[in-house]
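Peer 1: only geometry, no sequence info:
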Ligand code: PMP
């Protein structure tokens, strides 16, 4: 076997590490923000029947335009969206990759605000798009003024905004997203690039009361894109189904870069069946929000500093040695995420029992 360094790898990939959240065999896995509740039986049965119906036809390529799925996704999102505004791929990661393939590439740049979703820089290097980090305030929030100033200063071709942000969990206000879009218009009017603005709403369904989705801003903003996923609230991370709502012209752009038949017939049948049971799928969301709020309250009682969470996870600071705490939790069978930010860890809100296991183990490790 040869060494990776001995291969003629593209310059932009040299020295990079692959995405690598540990997949360890632990009792309580709270490190990748999945929905830890199993798929409800009514949904699992519907998926089995739906896949059984298409199995005999798998000799043929699937519907390249996944029309039924786009109809169902448009119905689910509402906001006057039609199937023409919808696009889907194997996870929202693939949607983001297609967006970079279509609008990024050599000589182009994507601006984001770190710490944010760890895949953004990797997707950028994979498409040879320059990644620019606009940074955040000391408390990890992102103000409209700062975001807009970064756009005026860097004149990127794309902007990636995670709302709620991962790893911090806090959603952006619509004012910030409006300010970002307005700044891209200013730059374009001054002869700079007209940037695509992507709002990654992977965790939108877990929002705190009063948080509004960016879907409400799509009308009249042809370069605004909102990405979503069935991996989180819908408890279907194993399916690999992410999607996007945007001006139909953006879908046309992605048709230029998607692989033919990228969404398998099994994948489409699975997602279509699941979308017939949205209420059952989303049943666990309220319960997860209760556990999330319980984590925030309890961590405060422990003297730690949890961030405001609009998602199914909590980012918390105030740890002397975050990695030692991560290790101590692992020794007690609880896997959380060390996102590499000193004094901080991130934990997914699981079931009531998993949350209790985490809070109990943490109290032990901290000697509380
Ligand atoms: N965006 C964010 C902010 C995420 O945290 C994740 C998953 N960790 C994704 C996108 C990708 O999710 P998927 O590909 O499963 O849709």
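Peer 2: Noted; the coordinates are in hand. What you see is a predicted model, and the numbers here were worked out from it, not measured in a lab.
Peer 1: Can you name the residues of this protein sitting close to the ligand?
Peer 2: Applying C-beta under 6 Å from any ligand atom, one finds that the chain approaches the ligand through 33, 91-93, 117, 162, 166, 200, 202, 229, 231, 237, 242. The C-beta positions use only the backbone N, C-alpha and C, and glycine is treated the same way.
Peer 1: Most neighbours among those, which one?
Peer 2: For those, the largest number of neighbours (other C-beta atoms under 10 Å) sits with residue 200, at 30 neighbours.
Peer 1: Pull up the gap between the nearest residue to it once chain neighbours are set aside and residue 311, please.
Peer 2: Using C-beta to C-beta, 6 or more residues apart in numbering and skipping residues adjacent in sequence, the residue nearest residue 200 is residue 162, 4.4 Å away. From residue 162 across to residue 311, the span is 10 Å (C-beta to C-beta, to the nearest Å).
Peer 1: Farthest pair within the residues of the chain next to the ligand?
Peer 2: 162 and 237 (17.0 Å; C-beta to C-beta).
Peer 1: Tell me which stretches of the stretch 51-200 of the chain form helices.
Peer 2: All helices of the stretch 51-200 of the chain, identified by DSSP state H, counting those that start in this stretch, fall at 67-77, 92-103, 119-126, 144-154, 174-189.
Peer 1: Can you tell me how far residue 337 is from residue 116?
Peer 2: The separation that residue 337 has from residue 116, given C-beta to C-beta, amounts to 14 Å.
Peer 1: for residue 86, that is, sorry about that
Peer 2: Counting by C-beta to C-beta, the gap from residue 86 to residue 116 is 25 Å.
Peer 1: Name the residue in the two with the higher neighbour count.
Peer 2: residue 86 (25 against 22).
Peer 1: What residues are bridge-paired with the more buried one?
Peer 2: Bridge pairing for residue 86 (DSSP bridges) gives the partners residue 245.
Peer 1: That one: what's it in contact with?
Peer 2: The contact partners of residue 86, by C-beta atoms under 8 Å, 6 or more residues apart in numbering, come to 70, 73-74, 77, 243-245, 251.
Peer 1: again, only this time at 7 Å
Peer 2: 70, 73-74, 243, 245 (C-beta atoms under 7 Å, 6 or more residues apart in numbering).
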